[in-house]
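>>> below is the structure, and that's it, no one-letter string:
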């Protein structure tokens with residue numbers, strides 16, 4: 001008998017809708033499989049798009065996926081900033097939106113290696129406590145800067161108040177911070193890719209998501225991603241998966 005919770009082994013790609021938390025999506029898959037289940041990076045409740053979920057022994061491979069680059073599409077309201085950088089926060093300031101040339105200059109300044117202030121409504125710990133918990137209590141703190149790489153940032157459309165941006169960014173980049181740097185806040189956010197995996201290949205519902213073969217998934221990852229997990233651990237997961245790992249828990 002396999003250890004409880006380590007089977008079925010596999011990786012699921014799920015297209016999260018706006019509304020539920022990422023943890024709710026994880027819980028949906030866990031209830032179905034009754035296996036240990038994890039994720040490779042959350043999305044805020046208001047956001048949608050690709051979640052990479054790992055089931056059973058595949059959770060040991062999480063570091064292979066967490067550091068992958070991400071792709072997003074977001075709509076940013078450039079007439080107001082909010083406490084959270086998204087529509088769930090309170091409006092901090094209202095102002096005129098930039099002209100198209102001004103926006104172009106601002107976007108250009110956010111390409112390449114940049115330092116962005118981490119949003120107050122984030123899970124980063126400040127003196128041992130999650131920043132979002134401090135924010136909920138009204139505690140104001142100086143949020144730290146985080147270095148990110150914006151490989152690509154494109155203006156897809158601009159109507160004079162709201163801009164649609166598409167981007168390719170390094171892991172750990174807060175899109176809300178990019179929006180705040182432009183003087184606005186995200187009104188929509190959609191993750192379209194995690195590393196080589198596209199939302200186009202994802203299942204719409206975690207309750208019906210199929211588990212992909214671990215070996216086939218790992219074969220799509222770059223070497224540097226694989227090396228984040230020791231070879232004996234990777235090989236152990238692959239061996240377990242090869243002996244019926246995707247069967248019932």
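Sure, I can see it. Keep in mind the model is a prediction, meaning the values are calculated, not measured. Numbering: from 1, shown residues only.

>>> just the element for residue 178, please.
Assigned by DSSP states H and E, residue 178 belongs to helix 175-181.

>>> and that helix, what does it pack onto?
Here helix 175-181 touches strand 70-77, strand 112-117, strand 145-158, strand 162-169, strand 185-194, going by 3 or more Cβ pairs under 8 Å, 6 or more residues apart in numbering; DSSP states H and E. C-beta coordinates here come from the backbone N, C-alpha and C atoms, glycine included.

>>> of all these, which lies closest to residue 34?
strand 185-194 (25.4 Å; Cβ to Cβ).

>>> which neighbours in the sheet does the closest one have, and how are they oriented?
Taking DSSP bridges as the criterion, strand 185-194 sits next to strand 48-55 (parallel), strand 70-77 (antiparallel), strand 197-198 (antiparallel) in its sheet.

>>> so residue 117 sits right up against residue 179, yeah?
No - here residue 117 does not reach residue 179: they are 11.8 Å apart, not a contact under Cβ atoms under 8 Å.

>>> and of the helices and strands packed on helix 175-181, who's closest to residue 99?
Among these, the nearest to residue 99 by Cβ to Cβ is strand 145-158 (9.8 Å).

>>> tell me how far the closest one is from the chain's mean position?
How far strand 145-158 lies from its chain's middle: 15 Å, per Cα atoms, centre = their mean, to the nearest Å.

>>> quick check: angle from that strand to strand 112-117?
Here the directions of strand 145-158 and strand 112-117 differ by 110 degrees (axes from the mean of the first three to the mean of the last three Cα atoms, to 10 degrees).

>>> could you give the mean pLDDT of strand 145-158?
Taken as a whole, strand 145-158 has an average pLDDT of 92.

>>> elements contacting that strand?
If contacts are counted by 3+ Cβ pairs under 8 Å, 6+ apart, strand 145-158 sits against helix 100-108, strand 112-117, strand 162-169, helix 175-181.

>>> ok and it relative to strand 162-169, angle-wise?
Put simply, strand 145-158 runs at 130 degrees to strand 162-169, going by the same axes, to 10 degrees.

>>> that older thread, figure out which of the strands paired with strand 185-194 is closest to residue 211.
Among the strands paired with strand 185-194, strand 48-55 comes nearest to residue 211, with 5.8 Å by Cβ to Cβ.

>>> can you mark which positions in the following helix or strand past that closest one are buried?
Next along the chain after strand 48-55, taking DSSP H and E as the criterion, comes helix 62-66. The neighbour-count check on helix 62-66 (16 or more other Cβ atoms under 10 Å) flags 62, 64-66 as buried.

>>> okay, those residues in JSON lines with pLDDT and distance to residue 184 next?
Below are these laid out as JSON lines (pLDDT from 0 to 100; distance: Cβ to Cβ, whole Å):
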{"residue": "62", "pLDDT": "96", "distance to residue 184": "33"}
{"residue": "64", "pLDDT": "96", "distance to residue 184": "34"}
{"residue": "65", "pLDDT": "96", "distance to residue 184": "30"}
{"residue": "66", "pLDDT": "91", "distance to residue 184": "28"}
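
>>> domains of the chain?
As given by automatic domain parsing, the domain ranges for the chain are 10-68+197-242, 70-194.

>>> next, the distance between the ends of the longest one.
This stretch, domain 70-194, spans 5 Å end to end (Cα to Cα, to the nearest Å).
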